[in-house]
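In: Need coordinates for the following:
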Amino acid sequence: MIKKDELKKDVVNCIYLCILVLSVIVLLTRFKYEFGSKIDWETQHYEIPSYFRQLFYDTHDLFPDFAKHIGAGQNIYNLSYYGFLSPIILFSYLLPFVSMENYIQFINIFGVIVSVILCYRWLRGYYGHKGYEKRFSPNVAFLASFLFACSSPLIYQAHRQIMFVSYMPFLFLTLEGVDSYIKRRKSSLMIVSAALMIYCSYFFSVSAFIMVGLYTIGECIRMNFEKRRMLKVIFFAALNICIGIFMSGILTIPTLMAILGNRGASPQVVKLNRLIVPTFNGEYLMYSAFSPGLTAVLVVAMVYAITHKKVFMRFYGYLILVLGLFPVFAYLLNGKLYLESKSMIPFVIIGILLEAEFLNALAEKSIDIRKLIRNCIIFGVFSFMFYQGTSFALYAIDLIVTLVVIDIYRKNGKKIYETAFMIIAVAVCVVVNYNEKLLEIDNSIHVSFKNVDDHVDYIESTGDVTRVANDVLPLRTMNKTFGEDYYVSTIYSSVCNKYYKNFYHNEICNENPYRNDAMLQHPSNLLFNIYMGEKYLISQDGFSVPHGYKLVRKSGDVCLYKSDDAFSIGYVNTKLMSRSTYNKLAYPYRSVALLYYCVVDDDTYKKYCKNDKEEVEFISYVKPLELKPVKDGDIEIHDKDEKKEHVEYIIPDKMRSMILFVKYKVDNSKYSEGARGDLSVYRFLKIMMSDGSLSEKIKYLTTPGKNYDVMIDVNNIRN
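Out: Numbering: from 1, shown residues only. Down below sits the predicted model:
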């Protein structure tokens, strides 16, 4: 039975944990920022779920297979990473009166609080509704849950990459399901929680299931199961997890096919010695928001566990040590795509369990503290020698302070270590989150969007079925839809149709001002605008617009332009060009060819054009523009405070009324270690307006320390 005073203390502890989380969030937002990052959150993590919800309202179909409104039409499972069929997102379908922007903020804060409370519940030993089995005291469970609440990824990723932590409540329920199965042979909680965890975040469910499997083994060892019983428990636990995986097949199978069909090779080439040579990378375990993100208490708890006489403690201790020493595990958990520690975030729970065991032994004074400090000093010296990462100073100070307060406790029995651990954890949590820029609460953005809505309503009233180019806050509107008949070519998704992506970057040759080639924004490429049928352009007043677009109407400071040159979304072209001829064309002629011809394979061309002589004539005038030396001011390189550089070309007024193709070759070999390819080529298309200013500036932002090899062609292709 649960003692009344313990139950009361549990309730009070949970309230304190809730206050902790809310206090940190208020400290970060200060009622002037949204609980959302400027990176990715605004473009992906509520806009794409908002699209899922709007698609359901339009089609009344919970399982659509095609996202026709964004990215020129995409397989819906290309977007499943962002919460498609997630129970957290599906619940929002019942709340059409709540904006997805507000809903995502609330549900993420709520998810953090629930995760922390479930962590406390799990550490206390509650299992289901039929009672509980004491595991740790309320004080120990509270302190360990406090450290979990302040772990770097929990709050940080809740406002940035939400699927990094959105599965946490169901992960704790899965662990409770493991405990329930071991003690009561009850499987339902484990099965259902495993399935829901996959629906929340299929990517992190892989690491989470491995962690659950290792936890199952550790618990069997802790309970001294004989080998036969242990194998039986592990087998049926794995079977339960598999059932949960099968229950999520409607999401995982199509998503896997979409990933395999559209993902390219890994952007990194990782040397073997980096994977297998042991180095203590502290940021694989501590401080970083892309790791378990705990403090030096984890190192002390790990050393305590490794030197413990009980096998299950050594098992957990060596598990954490191996994850910190060998990067190969992080590489494998990331599907061999990149060498990052984010896939190890689920292992924060093993770290918290170790810390709880250590804190419990410390409170009960069952530790030889002298021996522990000596062992930690020995490990600390070696870890300092082989430390990898940018947080060495923080780790050194943290470890020293941790050992000092433990030694003070040994000498006078005062538990100042509890306060010290909490202060350090809160400090790390706040600093990590403060390094991330949050979105300001800006009502003017919503006013601009209302003006965009007004233009979209006008377009729908014309009956035109066409794509729309939107230059109003292009980063925020890349995945945003403004209505059932609003179609765009832009998309920002980790998985995108590989043929469209190749066409966007390498065939029609759009400019890419971002190093992230997954961001397919609306370009200023007139050829792309025409080819993709972008008949209408929405832009803020005062912004330059491509040639051929005429002002139709204004709504506030947002203007609507129309081009009669844009193709229809579907059209017929009888002019053919063979693939071999097309491949011989250089930029920009290949891009122009797409507007004149349908490119077909050689056999098809020979079949239908066997008596025709293939002639390609569509460029009426070509004139290279030679740049003057830097000293004349036509090329300027600036080193700005934010450590970015840009190359600037001042185009003379004699080039007005011409279509200008600009090609940049940027040496990108030092962008990141192990990046494939020594050269990244970026192209920019700009139109010099006949009624425009005498000169126009073309800019390309990149990182410092790069070399530039620039070629500019000027082509007038108008008749």
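In: taking the mean pLDDT, what do you get for the helix or strand where residue 421 lies?
Out: Assigned by DSSP states H and E, residue 421 falls within helix 416-434. Averaged over helix 416-434, pLDDT sits at 93.
In: again with stretch 591-598
Out: 87.
In: about what we covered before: continuing past the helix holding residue 421, what's the next helix or strand?
Out: Past helix 416-434, the next helix or strand by DSSP H and E is strand 438-440.
In: which secondary structure elements does that following strand contact?
Out: strand 33-37 (3 or more CB pairs under 8 Å, 6 or more residues apart in numbering; DSSP states H and E). From N, CA and C alone the C-beta is placed, and that goes for glycine too.
In: Can you mark which positions in the helix or strand following the strand it packs on are buried?
Out: Downstream of strand 33-37, the next assigned helix or strand under DSSP H and E is helix 47-59. Buried residues in helix 47-59, counted by 16 or more other CB atoms under 10 Å: 47, 48, 49, 50, 51, 52, 53, 54, 55, 56.
In: Mind giving me the packing neighbours of helix 47-59?
Out: Counting contacts by 3+ CB pairs under 8 Å, 6+ apart, helix 47-59 packs against helix 87-90, helix 100-124.
In: Dump these into JSON lines; add distance to residue 514, mean neighbour count and mean pLDDT as well.
Out: Converted to JSON lines, these look like this (distance: least, CB to CB, whole Å; neighbours: other CB atoms under 10 Å; pLDDT from 0 to 100):
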{"stretch": "helix 87-90", "distance to residue 514": "26", "mean neighbour count": "20", "mean pLDDT": "96"}
{"stretch": "helix 100-124", "distance to residue 514": "23", "mean neighbour count": "21", "mean pLDDT": "95"}
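In: In the stretch 51-200 of the chain, what residue spans correspond to strands?
Out: With DSSP state E, counting those that start in this stretch, the ranges of strands along the stretch 51-200 of the chain come out as 66-67, 74-75.
In: what's the closest of those strands to residue 453?
Out: Of all the strands of the stretch 51-200 of the chain, strand 66-67 sits nearest to residue 453, with 20.3 Å by CB to CB.
In: Show me what the closest one is in contact with.
Out: Contact partners of strand 66-67, identified using CB atoms under 8 Å, 6 or more residues apart in numbering, comprise 51, 55, 73, 74, 75, 76, 78, 79.
In: again with stretch 375-389
Out: 278-283, 288, 299-300, 303, 307, 392, 395-396, 399, 403.
In: Between all of these, which two are separated the most?
Out: 288 and 307 (26.6 Å).
In: The two: who's more crowded?
Out: residue 288 (23 against 16; other CB atoms under 10 Å).
In: Now the most centrally placed residue in the chain: closest residue in space, sequence neighbours ignored.
Out: What sits nearest the mean C-alpha location of the chain, by CA atoms, centre = their mean, is residue 161, with 4.8 Å. In space, and not counting its chain neighbours, residue 161 is closest to residue 40: 6.4 Å by CB to CB, 6 or more residues apart in numbering.
In: Got the confidence number for that neighbour?
Out: Residue 40 carries a pLDDT value of 82.
In: Kindly confirm whether my reading is correct that it touches residue 160.
Out: Yes: look at residue 40 against residue 160 with CB atoms under 8 Å: they come within range, at 6.5 Å.
In: picking up where we left off before, turn the helices and strands packed on helix 47-59 into JSON lines, including distance to residue 205.
Out: Output for the helices and strands packed on helix 47-59, formatted as JSON lines (distance: least, CB to CB, whole Å):
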{"stretch": "helix 87-90", "distance to residue 205": "13"}
{"stretch": "helix 100-124", "distance to residue 205": "15"}
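In: tally of neighbours for residue 29?
Out: Neighbours of residue 29 (other CB under 10 Å): 18.
In: how near is it to residue 436?
Out: As judged by CB to CB, to the nearest Å, residue 29 and residue 436 stand 12 Å apart.
In: and what of residue 386?
Out: 29 Å.
In: Same drill for these two, tell me which one is more crowded.
Out: More neighbours surround residue 436 than the other of residue 386 and residue 436, with 16 against 12 (other CB under 10 Å).
In: Now that residue 452 has come up, it's in contact with residue 482, right?
Out: Yes: the criterion here is CB under 8 Å, and residue 452 meets it with residue 482 at 5.8 Å.
In: Can you pick out the residue with more neighbours from those two?
Out: residue 452 (25 against 22).
In: CA atoms of the helix or strand containing that one as PDB?
Out: In this assignment (DSSP H and E), residue 452 forms part of helix 443-462. In PDB, the C-alpha atoms belonging to helix 443-462 read as follows (Å, rounded to 0.1, in the frame of the first residue of the first chain):
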ATOM      1  CA  ASN A 443       1.500  40.700 -34.900                       C
ATOM      2  CA  SER A 444       2.600  42.400 -38.200                       C
ATOM      3  CA  ILE A 445       3.400  38.900 -39.600                       C
ATOM      4  CA  HIS A 446      -0.200  37.900 -39.000                       C
ATOM      5  CA  VAL A 447      -1.400  41.100 -40.700                       C
ATOM      6  CA  SER A 448       0.800  40.300 -43.700                       C
ATOM      7  CA  PHE A 449      -0.700  36.800 -43.800                       C
ATOM      8  CA  LYS A 450      -4.200  38.200 -43.800                       C
ATOM      9  CA  ASN A 451      -3.300  40.300 -46.800                       C
ATOM     10  CA  VAL A 452      -1.900  37.200 -48.500                       C
ATOM     11  CA  ASP A 453      -5.200  35.400 -47.700                       C
ATOM     12  CA  ASP A 454      -7.100  38.200 -49.400                       C
ATOM     13  CA  HIS A 455      -5.100  37.800 -52.600                       C
ATOM     14  CA  VAL A 456      -5.500  34.000 -52.500                       C
ATOM     15  CA  ASP A 457      -9.300  34.500 -52.200                       C
ATOM     16  CA  TYR A 458      -9.100  36.700 -55.300                       C
ATOM     17  CA  ILE A 459      -7.100  34.100 -57.200                       C
ATOM     18  CA  GLU A 460      -9.700  31.400 -56.200                       C
ATOM     19  CA  SER A 461     -12.500  33.700 -57.400                       C
ATOM     20  CA  THR A 462     -11.000  33.800 -60.900                       C
END
